[in-house]
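S.K.: Build me a model:
(2 chains)
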Amino acid sequence: MRVCLGIADAYEGPMQSPGEAGPVMSEALARDVVKEIPPKAADLSAWYTAACLKAELVSYSPVRGCVVLRPYGFGLWENLQKHLDERFKATGHENAYFPLFIPESLLVREAEHVEGFAPEVAWVTQGGSEKLTERLAIRPTSEAIIGVMYAQWIESYRDLPVLINQWSNVVRWEKATRPFLRTMEFLWQEGHTAHASAEEAREETLRILELYRDFAENVAAIPVYVGRKSASERFPGAVETFSIEALMPDGKALQSGTSHDLGQNFAKAYDITFVDADRAIKHAYTTSWGVSWRMLGGLIMVHGDDRGLRIPPRMAPIEAVVIPIVRSNDDRAVEASRATAERLRKAGFRVRVDERDAQPGWKYSEWDLRGVPVRIEIGPRDVDAQTVVLARRDRERDQPGQRQSVALAELPGTLRELLEDIQRSLHSQAKAHLDAHTFVAPDRAEFFRLCKERAGMVDIAWCERPECEAHVKAETTATTRVLRALDEPAAVCLVCGEPAKVRAYFAQSY
RNA sequence: CGGGGCGUGGCUCAGCUUGGUAGAGCGCUUCGUUCGGGACGAAGAGGUCGCACGUUCAAAUCGUGUCGCCCCGACCA
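M.R.: Numbers count the residues shown, from 1 in each chain, chains lettered A, B, ... in the order given. Sure, this is the predicted structure:
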């Protein structure tokens, strides 16, 4: 398969003399830059867009606000799906699919819900040449259509709980476009469950929250804060919303997964009732929860560096890329690479051989840019010695241990350990960033300063009053991200001095 | 939706002020030499200048509109 980067300017640095090369890099070559993308720290937005495009995750399309998810990007999405889906199945959920179109009369039944989504709903008003008598919303989320179906399916407490998930696309009329973070159409999963009691629904909401946290930390290697959302940040129509929040390198928070306890609000709006064991007719308690491809945006920003993406092994479409190094009089490396890749595939690794007619160095840079965790170099010396060279993407080019020579016989075991080590290392690098950018604000002035300067997650005791939050937002543009239990009952709100009810992380957000 | 910027071969951009019939570098194709961190030579291909309307003998260039993208804010996953 042919992969073309848009630009690949001539490399301007000094060249390493052929034959001299080995695991030791010259200092000049250790510059960790790549010409396709700007330095990450200088302008995160520009870096992010370039990285997504040049790594061939997405392309902009002729459709405003919509991107094309290219095969490599879809590979990332598939891995997210795989890991979440197996967790959903393990907790008793099943997949189903509901219609894309939602009649207006259904959507408007839950008042807060419609009001919340009204500004971003896309409407179909015409079919063929005929005007529709009733507008059809293109789903911004599926509580309405699913609620109506649950009302039909649920009769008795014996039918509960209903635990269904849907993998789908949704549309929200956005005005700006950023790959994964903000597009009019996006991919996600939405879980919708119905339960016989409030307690059970709350348990489900928290079970999924923990599932999301586990996925973010252990698969995407993104450390997150977990908790309840404030009233203003709550899902329209929910009794309570919980979320996981990640911190981006620019100090802004990214809500990466949400889980809603909908109480009986939607059951009442859509008439989801059941006859309980005590023969009384009751409204069910429902939940909904979702993760979108936005989490991929978070993964890219959190782990990437000046050379491009760094994908955690468990999410990587390609875990290791094999690069044969041939000489004009010696192309044994090609066969050796194929054989090695085949062996690794049989051992369960996701491996690709790059046999393109290009310079090895050029390929190194390209696969660095695309974030493949491990590169396997196989040259004539390796063929003779029955070894390969492993290079790890999570370390700088001049860092000790970035490259190592491994005997062929030990390759699968060493690669397995190396991938696990990279997975851990990316998480701990991200965790170090989160810790370094989490502040317990000592006083009001410092709190405002940290929020305004986008320092990161700012932790305070808070009164939980909407007007207090609005005041902070007006002054600093920061909002509450998640709330958690108060540690000292006597604490007062750092902002307004009223009695505190919770501890809250404030941050600017995406 | 406000404020600013930008749309010219695949990519990055020059040309626009002072209208005269389109350029560079990289990439791409073929052949040869190369290949352990972005190779080199030779020969080629490729653009209705985002789109529409207007001004003009003549528009990439001037005007109006429109679509899209980027950055900064307001809204959201």
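S.K.: Can you name the element that comes right after the longest helix seen in chain A?
M.R.: For chain A, the helix reaching the highest residue count under DSSP state H is reported as helix A:411-436. Scanning forward in sequence from helix A:411-436 by DSSP states H and E, the next helix or strand is strand A:438-440.
S.K.: ok, is whatever helix or strand comes next after that next one in contact with RNA strand B or not?
M.R.: The C-terminal neighbour of strand A:438-440 among helices and strands, as given by DSSP H and E, is helix A:444-452. No - no part of helix A:444-452 sits near RNA strand B under the criterion Cβ under 7 Å from any atom of the strand; the closest distance found is 10.5 Å. Heads up, the C-betas are built off the backbone N, CA and C, glycines and all.
S.K.: in helix A:444-452, what's buried?
M.R.: Judged by neighbour count (16 or more other Cβ atoms under 10 Å), helix A:444-452 contains these buried residues: A:446-448, A:450-451.
S.K.: For the longest helix of chain A, name the packing helices and strands.
M.R.: Identification of packing neighbours for helix A:411-436 by 3 or more Cβ pairs under 8 Å, 6 or more residues apart in numbering; DSSP states H and E yields strand A:240-247, helix A:294-303, helix A:332-346, strand A:374-378, strand A:387-392.
S.K.: Compute the inter-axis angle for the helix or strand harbouring residue A:259 and helix A:294-303.
M.R.: Element membership of residue A:259, judged by DSSP H and E, is strand A:253-263. Using axes from the mean of the first three to the mean of the last three Cα atoms, to 10 degrees, the direction of strand A:253-263 lies 150 degrees away from that of helix A:294-303.
S.K.: What is the burial count for whichever residue of the stretch 401-510 of chain A sits closest to RNA strand B?
M.R.: The nearest approach of the stretch 401-510 of chain A to RNA strand B comes at residue A:477, 3.8 Å away (Cβ to the nearest atom of the strand). Each residue near residue A:477 was counted by other Cβ atoms under 10 Å, and the total is 14.
S.K.: so it touches residue A:508, yeah?
M.R.: Yes - under the criterion of Cβ atoms under 8 Å, residue A:477 lies in contact with residue A:508, with a separation of 5.5 Å.
S.K.: intersection of neighbour lists for these two?
M.R.: Counting by Cβ atoms under 8 Å, 6 or more residues apart in numbering, the shared contacts of residue A:477 and residue A:508 are residue A:451.
S.K.: so what are the domain limits for chain A?
M.R.: Domain segmentation of chain A under automatic domain parsing yields A:67-302, A:318-419, A:440-507.
S.K.: out of those domains, nearest to residue A:434?
M.R.: Residue A:434 lies closest, by Cβ to Cβ, to one member of the domains of chain A: domain A:67-302, at 4.8 Å.
S.K.: follow-up on the earlier one: now render the buried residues of helix A:444-452 as JSON lines, adding pLDDT.
M.R.: Written out in JSON lines, the entries for the buried residues of helix A:444-452 read as follows (pLDDT from 0 to 100):
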{"residue": "A:446", "pLDDT": "94"}
{"residue": "A:447", "pLDDT": "95"}
{"residue": "A:448", "pLDDT": "93"}
{"residue": "A:450", "pLDDT": "93"}
{"residue": "A:451", "pLDDT": "93"}
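S.K.: which of those sit farthest apart?
M.R.: A:446 and A:451 (9.6 Å).
S.K.: three-state assignment of residue A:348?
M.R.: Taking DSSP: H, G, I helix; E, B strand; the rest coil as the rule, one finds residue A:348 in the coil state.
S.K.: What does the pLDDT read for it?
M.R.: Looking at residue A:348, its pLDDT stands at 98.
S.K.: same thing with residue A:25?
M.R.: In the prediction, the pLDDT value recorded for residue A:25 is 27.
S.K.: what residues are up against residue A:174?
M.R.: Contacts here follow Cβ under 8 Å, 6+ apart; on that basis residue A:174 touches A:65, A:120, A:182-184.
S.K.: give me that answer again for 10 Å
M.R.: Residue A:174 makes contacts with A:64-66, A:120, A:182-186, as judged by Cβ atoms under 10 Å, 6 or more residues apart in numbering.
S.K.: Overlap of the contact sets of residue A:446 and residue A:451?
M.R.: In the contact map built from Cβ under 10 Å, 6+ apart, the residues linked to both residue A:446 and residue A:451 are A:439, A:458, A:460.
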